[in-house]
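*Asks:* Next come a sequence and a model predicted from it.
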Amino acid sequence: MFADVVGWPLARWQTAALRLESRTTAIVAPRQSGKSRSLAVLAVWWAFRRREQRVLIVSAGEDASRRLLAEVRRVVNGSPLLAGSVLDEQAGLVTLSNGSEVRSLPASERQVRGWAVDLLLVDEAALVPDDLLLGAALPTTAARPDARVVLASSALTASGAFYDFAIRGQGGSEHVQTHRWVLSDADWISPSVIEAARESMTAMRFAAEYEGVFASGADALFTRAAIDRATADYMPLALESLTGPARLLGGVDWGATTDRSALVAIGRLPIDGERVFGVACAHRWPAGEPLEDVIGRVAGSRAHFDTLAMETNGLGMPCAQALARRITERSAASGGGRRAPRAVMLDEDDLEAFLTGRRHWVHRVQVEQAQGFRTRSLFVHTTAELKAAAYSALRLLLDQGRLVLPASAEDLLRELLLLRVDLTPTGVERIEASSGHDDLADALMLAMCPHRARDRRWATLLAHYAEPQRALPAAAIDLRNADVPTVSTGGGLMVPRLPVWQSVRGSQITVPDGLDVSPRERVSPLLAAMREAAGRALQDHNPGGSDEAVG
């Protein structure tokens, strides 16, 4: 009734799952079944029905948390009945005139821990790390005996906390109820859309994404624990925001009709004492996007690519050739054209020292770094053997903490979790993504730049650069003392919340807009205490005196 009155009606099968008759409700919801809309209406209803209610929404990443709170705002502000009750709107928070609050946070232990709430909503719960869900999110309801918890997600692997709750609810637990939504009940989705999705995915992935069937974890290439350890809620860049001078590794997977083209870019994270790389961009085009438009978007971006690996299967070869040609048409400073000569400027004393053979001539006043570079184009024909080797190298880098994934790249994480290893009758290991429709996962695999080494074994450039014993230049500026907010991977590695990206094998860096990397003053605790005491003493000695006297 509330949903109807405020102008956001829900289907009967949706409202049946939102009665919250048990303390915990698990909703296994296929994609496009209206999960976000239902959670937003539920949050608003709970906040309005009683005074001083605290509603907390936890999402897999920062972008997802903003999207869901925006949905909450649309429900409130779009209804004449509710709009006048909004007392305050802030980033991540909506406060109502009855004292209730709706707060939306990403799945970060630092941000989630410590709240006490009456209603906890966890969106895409299968992508929220188990330690955070069980150790930080669920305890927020412990002090409220009448609190309720809703865990909603599409089905992924048959493991993890969300899967456990769903199975407990199906088994008749008095504390958990499980509701399974069926996409065929969603009359706003046409059968042709469902069939197009079925054709564009493997049977296992379609069953998980659209039919709510949990995939077996026995043959999973990437476990939930491995993905959680390598994931942090840092902010990747949109394709339009990629820019030099940092030179990245890129991978392009082409989509023809029902499947999608995708690009993943990898850069180095200039973390002191660590050799760490991260996904800087994960972009996927809509199904059926004209391939010429994809080529134009990649070639026309401001990104600087050290190496760009492109799939050549099927229609891929002419697309890869066209993109490589467009890259060479760029300016020399952007990876195209001819290499410019290196110019070294010396003062007269240095030049005289060089000409007379003195050893200390190497002191240079200025070295011009304006010379261009050439993007290397790598044409990759993907085979079962290549995929098995490249994905194995990817798994090893994630396990070693050498590659970090952004929590907001939900589609990429979902595809990685659904990858399976199958042994063919001939004894070849085949990755289930070999049908070519796990677009972002394949683009990530390509961004590692797989190739045959001199010994004819499969290798990847990313694994080559990630070897700690391999000498690579440090960042062009010293970031150790910069006051940059950080987030943590599940494995405990601290990475910048808004990363500075460095070339995969060079010193060039790209500082994102809005990030201040100027060094902060390093003051010892003793000196800080002395300064504070001196200030208090001067104030006491000269109360009301001038700032100059206090200084």
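*Replies:* Perfect, I can see it now. Residues are numbered from 1 along each chain as shown.
*Asks:* what secondary structure does the residue nearest to Trp501 when sequence neighbours are not counted sit in?
*Replies:* What sits nearest to Trp501 in space, not counting adjacent residues and going by CB to CB, 6 or more residues apart in numbering, is Gly267, at 3.8 Å. In this view, the C-beta of every residue, glycine as well, is placed from N, C-alpha and C. Three-state call for Gly267 (DSSP: H, G, I helix; E, B strand; the rest coil): strand.
*Asks:* Lowest mean pLDDT among the helices and strands of the chain, which one is it?
*Replies:* Using mean pLDDT, DSSP states H and E, the weakest-scoring helix or strand in the chain turns out to be strand 366-367, at a mean of 32.
*Asks:* tell me the mean pLDDT over the helix or strand following that one?
*Replies:* Sequence-wise, the next helix or strand downstream of strand 366-367 (DSSP states H and E) is strand 376-380. Averaged across strand 376-380, the pLDDT comes to 93.
*Asks:* Check which residues of strand 376-380 are buried.
*Replies:* Residues of strand 376-380 classed as buried: 376-378, 380 (neighbour count, 16 or more other CB atoms under 10 Å).
*Asks:* what residues does stretch 173-186 touch?
*Replies:* Outside stretch 173-186, the residues that touch it by CB atoms under 8 Å, 6 or more residues apart in numbering are 11, 13-14, 16-17, 21-35, 165-170, 189, 194, 210-212.
*Asks:* no wait, stretch 107-117
*Replies:* Stretch 107-117 has contacts (CB under 8 Å, 6+ apart) with 54-56, 58-61, 103, 105, 127-129, 131-133, 135-137, 139-141, 143-144, 147, 233, 407, 487-488.
*Asks:* Let's see that with 7 Å instead.
*Replies:* Outside stretch 107-117, the residues that touch it by CB atoms under 7 Å, 6 or more residues apart in numbering are 54-56, 58-60, 105, 128-129, 132, 136-137, 140-141, 143-144, 147, 233, 407, 487.
*Asks:* first vs last residue of that stretch, how far apart are they?
*Replies:* 16 Å (CA to CA, to the nearest Å).
*Asks:* the domain parsing of this protein - what is it?
*Replies:* The chain is divided into the following domains under automatic domain parsing: 2-210, 219-336+374-519, 338-371, 521-551.
*Asks:* Check these for me: which has the lowest mean pLDDT.
*Replies:* With a mean of 42, domain 338-371 has the lowest mean pLDDT of the domains of the chain.
*Asks:* if we can go back for a sec, hmm, which of the contacts of stretch 173-186 are the buried ones?
*Replies:* 11, 14, 17, 22-30, 32-35, 165-166, 168-169, 189, 194, 210-212.
*Asks:* So which of the residues you listed sit within strands?
*Replies:* Taking DSSP state E, the ones among the buried ones among the contacts of stretch 173-186 that sit in strands are 24-28.
*Asks:* Those residues into JSON lines, with extra columns for distance to Leu291?
*Replies:* As requested, those are exported to JSON lines (distance: CB to CB, whole Å):
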{"residue": "Thr24", "distance to Leu291": "46"}
{"residue": "Thr25", "distance to Leu291": "44"}
{"residue": "Ala26", "distance to Leu291": "41"}
{"residue": "Ile27", "distance to Leu291": "38"}
{"residue": "Val28", "distance to Leu291": "36"}
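*Asks:* and which of the residues you listed is nearest Ala161?
*Replies:* Ala26 (10.1 Å; CB to CB).
*Asks:* what about the closest one, distance to Arg37?
*Replies:* Look at Ala26 and Arg37: by CB to CB, to the nearest Å, they are 18 Å apart.
*Asks:* what sits against Arg103?
*Replies:* So Arg103 contacts 55-57, 92-93 (CB under 7 Å, 6+ apart).
*Asks:* switch the cut-off to 6 Å
*Replies:* 56, 93 (CB atoms under 6 Å, 6 or more residues apart in numbering).
*Asks:* try Leu120
*Replies:* Counting by CB under 6 Å, 6+ apart, Leu120 touches 56, 140-141, 149.
*Asks:* quick one: the helix or strand harbouring it to chain centroid distance?
*Replies:* In this structure, Leu120 sits in strand 119-123 according to DSSP H and E. Strand 119-123 sits 21 Å away from the centroid of its parent chain (CA atoms, centre = their mean, to the nearest Å).
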